[in-house]
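> Generate a structure from the sequence data that follows.
(2 chains)
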Protein chains: 2
Amino acid sequence: MAHKYVYLFNEGNADMRNLLGGKGANLAEMTQLGLPVPKGFTVSTEACTAYYHDKKTINDEIMGQIRAALKKTEEVCEKKFGDPDDPLLVSVRSGARVSMPGMMDTILNLGLNDGSVKGLAKLTQNERFAYDSYRRFIMMFSDVVMEIPKAKFEKLLDELKEEKGVKFDTELDAEDMKAAVVLFKKLYRDEKGESFPQDPKVQLIEAIKAVFRSWDNPRAIYYRRMNDIPGDWGTAVNVQSMVFGNLNEKSGTGVAFTRDPATGENKLYGEYLINAQGEDVVAGVRTPQKIETLKDVMPEVYEQFATIAKKLEDHYRDMQDMEYTIERGKLYMLQTRNGKRTAAAAIKIAVDLVNEGMITKEEAVLKVEPRSLDALLHPQFSRKALKEATPIAKGLPASPGAACGQLYFTASEVAAAAKGGQKVVLVRMETSPEDIEGMNYAEGILTGRGGMTSHAAVVARGMGTCCVAGCSDLKIDEENKILRVGELEFHEGDFLSFDGSTGNVYGEALPTEEADVSGDFATLMSWADAARRLSVRTNADNPKDAATAVRFGAEGIGLTRTEHMFFAADRIAAVREMILADSESQRRMALNKILPMQKSDFKGIYEVMGERPVTIRYLDPPLHEFLPAKTMTEEIQEIARELETTPEAIVAKIDQLHELNPMLGHRGCRLSITYPEIAEMQTRAVMEAAIEVTQEKGIVIHPEIMIPLVGDVKELAFVRDVVVDTAEKVMKEKGVKLSFKVGTMIEIPRAAVTADKIAEEAEFFSFGTNDLTQMTYGFSRDDAGKFLDSYYEKKIFDYDPFAHLDQVGVGKLIEMAVQLGRQTRPEIKLGIYGEHGGDQSSVMFCHKVGLNYVSCSPFRVPIARLAAAHAAILDKQGKL
Amino acid sequence: MAHKYVYLFNEGNADMRNLLGGKGANLAEMTQLGLPVPKGFTVSTEACTAYYHDKKTINDEIMGQIRAALKKTEEVCEKKFGDPDDPLLVSVRSGARVSMPGMMDTILNLGLNDGSVKGLAKLTQNERFAYDSYRRFIMMFSDVVMEIPKAKFEKLLDELKEEKGVKFDTELDAEDMKAAVVLFKKLYRDEKGESFPQDPKVQLIEAIKAVFRSWDNPRAIYYRRMNDIPGDWGTAVNVQSMVFGNLNEKSGTGVAFTRDPATGENKLYGEYLINAQGEDVVAGVRTPQKIETLKDVMPEVYEQFATIAKKLEDHYRDMQDMEYTIERGKLYMLQTRNGKRTAAAAIKIAVDLVNEGMITKEEAVLKVEPRSLDALLHPQFSRKALKEATPIAKGLPASPGAACGQLYFTASEVAAAAKGGQKVVLVRMETSPEDIEGMNYAEGILTGRGGMTSHAAVVARGMGTCCVAGCSDLKIDEENKILRVGELEFHEGDFLSFDGSTGNVYGEALPTEEADVSGDFATLMSWADAARRLSVRTNADNPKDAATAVRFGAEGIGLTRTEHMFFAADRIAAVREMILADSESQRRMALNKILPMQKSDFKGIYEVMGERPVTIRYLDPPLHEFLPAKTMTEEIQEIARELETTPEAIVAKIDQLHELNPMLGHRGCRLSITYPEIAEMQTRAVMEAAIEVTQEKGIVIHPEIMIPLVGDVKELAFVRDVVVDTAEKVMKEKGVKLSFKVGTMIEIPRAAVTADKIAEEAEFFSFGTNDLTQMTYGFSRDDAGKFLDSYYEKKIFDYDPFAHLDQVGVGKLIEMAVQLGRQTRPEIKLGIYGEHGGDQSSVMFCHKVGLNYVSCSPFRVPIARLAAAHAAILDKQGKL
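Residues are numbered from 1 along each chain as shown, chains lettered A, B, ... in the order given. The predicted structure is shown next:
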């Protein structure tokens, strides 16, 4: 039997998401549930991958199935494609496995041609509407399918209005629209050298192909990368008979959520526009009405909708995001899906659903995306500052959080300024899918137009970025880059603050304060902690970060970088003195100056962490990082004065330390091998601090000493000997015995493949996946930017391997090291630290390969806790 | 039972080399054969490793065994340590598993003290001799064991001579020597704060410890690294009763070989000195007599020696190198071992031994060290030049080959100049073990003093370096750096040539010509080729190298680097034009200029190689390598003029291409992914050249196209598509079908661990072990020099992993890749190229893991052929 590529809505269900896409699967499910869904069919994601495989053609088998499905749709609708009396018109929409709002293309009113437009006019008794729809369809088809710029069509329409002496589209009558159709068709012919296709079947196939192609447009690729969506999934295409929300005043269209997607409050939440097409709501061009008001306008429709909404939420056991259209008083459901929500809403909804008895605690844990917590954990404006500040404007609170930054008017300027290190906010009239990259860089997004479900609002919530939308007080002059609010004027680079939870906008930089981690958040996290197996530690180089992490639930420190302490202004001189030393004894003198400072750092951290484990990594970076660049003449002279040497001596040392590939140079344990006195000093600091805190506070400290950049067991054995000898000496001096561990980082491929040998000397491994990724791939993070864009563009990489752990290659080395390490030393403790330690998919991987802990930056600790819980629950369900 | 650490000579045999060291095992074997060997015992290599393990102490168990062995030796010698009438005196010598001539320490006449010196005087009836021996022993013990500089003792002796008004040691009488003993003992007490040890047992233990310590002196470490000897083997110590070659005119000492170690000629070959100690011969201080003359001086001794020599050669089935001493007309054998020999001698001896029916062809193959061939394969002076040139001096032909270079007078200056790129020769009065590094850098070594078995001669032969020794015509003023030969004067940096096969020295730079690869060489290589399984290819970027390699037996090209062609003066302009291009079309224009040049290169190589496979690697280095450094203002202006652009534009491009870690940057296949037109051009050149040569010469060319630096199968798939599409286009244009292969290098760790996936797109793998080593270890070859010395010193590394393949780590990745690659594609062809491809131990590894071929530089092809044969034979014998 032939493979099935095309499914009528009544042939599918919600479980077929991978095949039918999210939208298609849910249209099928709603059809099965007996809800009022306009008829249609879905061309599967497999057809999309076949399209790409066949060098961007739709093969005969799939063509045949599309034609057959179309025929059945004509039959059940009792309408015919292109019929001059009662034509079937369809929408053609993308629909991937996961929602990618606005990223791909949509075509409405397909099926209109010179004949069927008459049928539409007859049917709707509205000739103007029919020709308006036709000219819109020509424009959309030309733009999306044929890549004729939309602006050329808009220019023709503007000329028409000018000729007629009117200002708005609404002032054009049916005859004008007919004229527009004539002009648009001529433009099409001029551009493409052939007539606008009159055969609706040709229109349909071309539209399907265009949707397939849109899977690979640059903004979709960028979105996928940002959201960790594989490039080979492809999109399904939904072909659905049209219903019209813009027929008359008894028609309308809207979107709604079963609960408030910003707060999670349990009440129907949404908007609608009377006499409008669906795109008008989403695009945010007209500001819509709240759904509550529909109760007054069309009470029966409202009741029916509320019932359906409840039914869908119960059915899916989750908050639903629905699109609907009312055609002459009759309700049609166009889409339902689990609604996107803010992190705060996700938590409230999850906890509420448990309390309502609808889901289990573990299901609740799975309902909150770990990465979404990011938004919750970042600072809010301080209450005090808010009390004193006066808002200059108010918009819709579209995505919560506090944004404060320098304002820019275009996405590309925002991106550029953010890359330059500024904190920036994006201020636009409205955003569009092309702005996706800039939106990702912005601290917050502020728009002058559009509602809670406008593009800006939806995307910002997805990103966890603060957004205030539809702030009509703003006069935004994008061309001259001036923002006017009443009498006030702001220019590019001026500071603005705004609050995504209240919609307030402030004409100044407001201070922020820490997030609240109690209430529903604490409840959900306690369920997560009960479920997870992985420990979660933090990376912290100072007591302040350590304290933040403990507040966020860190169970220890997985990485204290000692070199960050070396960079501090009050000790860099001693470090430089050490580097410039010509002999071991000079070097020891300089190290003796550093010792008390380093010791006091460790004491501070131990005191915060108490008896939680603290892993301290020994000096890692190449020494030249502590010296200025050779060209910084003034700084060199300054240092020479301070260290009582000559600038020439410093330049000579800089030259001597210069490396062609510093990433692969003299650093990590290699430093302690050439200069064992560095490891001695660090060990003395670690042990003296531990003994003193133990004595002073009665807390028993068990330091974990981590030797970086080991590639051969003999390197570790050498440094370990230095560490153990020194530690024993210190303990003998102080007359105190403390247990301590010596371990290593696995960050060099050779360490991973010889982990059995390395485990002979290491009591723990910590995977340093940043360096391991660099060396396993053979590219440097600093330089890869030059070619990674080509890699995304050519679909060689789906994502940045520094953001998400490469489980295939780097992951294989980790698995080897885990297995070999445990083989030698079954009780060895295994962890990971670095950016991957707080990345959701990477944490899942760490659970899967059996690590003991992950370690991440303080703000990511809750994300890691939740991701670890997801992994454990999915593992139990056999779904990891 | 206690572990046995000490063996009397009659308790061991030749098979116990690992335990007793080479010297000890052979002394035992000679003892077992009933040959006249002075009695003694060997402290095993295990005792040495125990010594290091016990923090440089000899433990009680070993001490007890040494004392017991000493007691038995006293019994069989019927002499007592320290006896004032008939004392036992011993030599204490190092002896590792493999010979390391001159690298470690030796102490003679141990057992002398204030009492036993009288016994020695009585016994020898020679008081002067006895006290001379005693003062020499004090000096040697102080120097070797106590590290009191020898020069201080020499100064005392000089003062003594001055006082007496004489010039030579020989003019000092017994009373003077007694005085010297008094002075030397005082110096010892002044230096060490205690008296010179009078207890011979204390002397012995200290001497044994000193020999153990000498295993780790810097020159021994360097020698091991050069010769691939593990640092944890340790040395044995041989304690042997002294016999004296310097008692009278019926005494003497010498060394001899059963065949000529320079030519392999089958005749007794050696030297002796009458009335001398063994060290006098080896040190080359006096010029000795040829062994043939011993026939006249002591005919019976000569006969006895010749008989023993034959017996030993027959016994060991190999050419022997023997040390002997004659004491008052009685012959003693002090050492035998398989003699070091030149490569030419090794080949002749191996072939002769087969012809004499003594060994099999495979045994013959094993008798020639692959790496020794190096010496044979390098150029000789052209016959024509030799005919026209007049030698200015003649020395002993100590190690064959032709040396031509600028002369330097010290080892360190030679090393410095060679590192600076000069071809250099070392000219010294005599060499000493401290000179080892400089000798390794020299094209040739020329000494004014010393015989065929002097330090310079022995070491040079081992290295395969040309050496002319004992050239007494030279007046070498090392202090003022002037070499005088008759009327001629040469200064540092002047050119000299000399011929290690004739001993002739020329005061000019003579041209050289290629080595002869016929005769015994061809015979032996044919036996090797019959034995080996690995194919041997060459790395060649031009027809000349390809032709040399074919002459040396290369079976194909494993690596043609295309970028070397890009650097040629006549095309670098086009390459730079390509790099500076702002658009694809500009880049294509520049590439079109390069195409015909690259095509003609390939044609030249194909024509030389015929139907042998040719692997062409696509552009690999980062593009900035083709531009000058930013500081080279003049060159930049020149380029700007040539390319009709501004210097600023070039500087901007240099800045844009700058990378922090170029090793991990934008290079290899990453270039063809960003600029597919480069791969297109290269494919066009490869295919057009192949088609034209096929058409013009009737040779069917099957190019193998190799994509570098692949880490992910999708990278390879992308470039492969470009290659295949272009190749098919070219073949269609030309109407010719040719088969070609597309493969990749495995040089990135990720490629090795995902080799199963990569093999889906690769028809062959070539392991690029230089880069693979860099990335697996995480250090760059260019920068590792800064810390590798510390690594050798601290015994973390035994050898440079860029010279010898790291079989533990890098090797494991190779094994994984072999297994995974074959799993996906059983017929996949697997090779290796780079320095490891011509390295003996690495080739053995390649055989072991089942590669199909190795590829190396043309001059190393015979080495690889022979190493591959060794591997196959040892594999068959179960010894690999």
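> Strands along the stretch 51-200 of chain A, start to end?
With DSSP state E, counting those that start in this stretch as the criterion, the stretch 51-200 of chain A has strands at A:80-81, A:87-88, A:90-96, A:106-110.
> Mind giving me the packing neighbours of the longest one?
So that's strand A:90-96. Applying 3 or more CB pairs under 8 Å, 6 or more residues apart in numbering or on different chains; DSSP states H and E, we find strand A:90-96 packed against helix A:17-32, strand A:106-110, helix A:200-214, strand A:235-241. (C-beta placed from N, C-alpha, C; glycine too.)
> Tell me which residues are up against that strand.
A:20-24, A:40, A:42, A:45, A:73, A:100, A:104-111, A:204, A:207-208, A:211, A:214-215, A:229, A:233-242 (CB atoms under 8 Å, 6 or more residues apart in numbering or on different chains).
> Just list the residues touching A:D15, thanks.
By CB under 8 Å, 6+ apart, the contact set of A:D15 is A:A25.
> for A:K192, same thing?
If you count contacts by CB under 8 Å, 6+ apart, A:K192 has them with A:M146, A:I148.
> Check A:V281 and give its pLDDT.
Looking at A:V281, its pLDDT reads 64.
> residue ranges with poor pLDDT in chain A?
A:1, A:278-285, A:375, A:378-379, A:462-464, A:568-570 (pLDDT under 70).
> Not including adjacent chain positions, what is the nearest residue to A:F129?
Nearest residue to A:F129 in three dimensions, chain neighbours excluded: A:L247, at 6.7 Å (CB to CB, 6 or more residues apart in numbering or on different chains).
> Look at A:R189 and say how many residues are nearby.
For A:R189, the count of nearby residues is 12 (other CB atoms under 10 Å in any protein chain shown).
> That one against A:P197, yeah?
No. A:R189 is beyond contact range of A:P197, at 11.1 Å (criterion: CB atoms under 8 Å).
> can you tell me how far A:I359 sits from chain B?
40 Å (CB to the nearest CB, to the nearest Å).
> what's the burial count for that residue?
If we define neighbours as other CB under 10 Å, then A:I359 has 19 of them.
> Tell me which residues of the longest helix along chain A come out buried.
The longest helix of chain A (DSSP state H) is helix A:584-609. Under the neighbour-count criterion of 16 or more other CB atoms under 10 Å in any protein chain shown, helix A:584-609 has A:587-588, A:590-591, A:594-595, A:597-599, A:601-609 buried.
> Any buried residues in stretch A:801-819, and which?
Buried positions in stretch A:801-819, judged by neighbour count with 16+ other CB under 10 Å: A:801-802, A:804-807, A:809-818.
> and if you look at stretch A:504-520?
For stretch A:504-520, burial by neighbour count (16+ other CB under 10 Å) applies to A:N504, A:V505, A:Y506, A:G507, A:L510, A:T512, A:A515, A:D520.
> Quickly find the element holding A:S855.
Assigned by DSSP states H and E, A:S855 falls within strand A:853-856.
> List the buried residues of stretch A:519-532.
Neighbour-count burial for stretch A:519-532, counted by 16+ other CB under 10 Å, picks out A:D520, A:F521, A:T523, A:L524, A:M525, A:W527, A:A528, A:D529, A:A531, A:R532.
> Now do that stretch: everything it contacts.
A:347-348, A:350-351, A:361-362, A:364-365, A:368, A:376, A:517, A:553, A:847, A:862, A:865-866, A:868-869, A:871-873.
> Stretch A:428-437 now?
Outside stretch A:428-437, the residues touching it (CB under 8 Å, 6+ apart) are A:102-103, A:219, A:222-223, A:226, A:283-285, A:409-412, A:415, A:426, A:439, A:445-450, A:454-456, A:459, A:476, A:478.
> Ok, stretch A:589-606 next?
Outside of stretch A:589-606, the residues within contact range by CB under 8 Å, 6+ apart are A:540, A:542-543, A:546, A:557, A:560, A:562, A:565-566, A:568, A:570-571, A:574-575, A:577-578, A:581, A:614, A:616, A:677-678, A:680-682, A:684-686, A:688-690, A:692-693, A:699, A:701, A:703.
> Nearest to chain B: which residue in the stretch 251-400 of chain A?
A:R371 (24.7 Å; CB to the nearest CB).
> Spatially nearest residue to that residue, not counting backbone neighbours?
A:Q840 is the one closest to A:R371 (CB to CB, 6+ apart), at 5.0 Å.
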